[in-house]
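J.: A predicted structure for the sequence below; I have some questions about it.
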Amino acid sequence: QVQLVESGGGLVQPGGSLRLSCAASGFIFSSYVMRWYRQAPGKERELVATISTSSGITNYVDSVKGRFTISRDNGKNTLYLQMNSLKPEDTAVYYCSAALGLSVYWGQGTQVTVSS
């Protein structure tokens, strides 16, 4: 049974930091490209960051470059998103996704709220 379980969301003040985790099971995690997406209320889901299978390649949406870092631990089957210098516009539900060819898996999401 494939599972992606996000954790680490919460309420944080502007300028603060959070670290999201995504625990994977039920598939060969190291073979999948992993991504973080987010969806704010009333908006479409947005790709935030991508990491290759071996962590050699990462990509970010312009709005988070220099503030967010995506990483993975293939030994622990876990994906991470370190989020620093958070802004109110980062408020959204954050989802992790695993992709290999036509196989795409999604987590249930974790809420991140940036507010004073």
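T.: Yep, that arrived.
J.: only C-alpha atoms for contact and neighbour calcs from this point on.
T.: Will do.
J.: list the helices and strands the strand or helix carrying Thr69 packs on?
T.: According to DSSP states H and E, Thr69 maps onto strand 68-73. Counting contacts by 3 or more C-alpha pairs under 8 Å, 6 or more residues apart in numbering; DSSP states H and E, strand 68-73 packs against strand 46-51, strand 78-83.
J.: buried sites along whichever helix or strand comes after the first one?
T.: Translated: strand 46-51. The first helix or strand that comes after strand 46-51 along the chain, using DSSP H and E, is strand 58-60. By neighbour count on 16 or more other C-alpha atoms under 10 Å, the buried set for strand 58-60 is Tyr60.
J.: from Val114, how far off is the residue most central in space within the chain?
T.: Residue closest to the average C-alpha location in the chain (C-alpha atoms, centre = their mean): Trp36, at 3.0 Å. Shown here: Trp36 relative to Val114, a distance of 18 Å by C-alpha to C-alpha, to the nearest Å.
J.: circling back: find the nearest non-adjacent residue to the residue nearest to the centre of the chain, please.
T.: Cys96 (4.6 Å; C-alpha to C-alpha, 6 or more residues apart in numbering).
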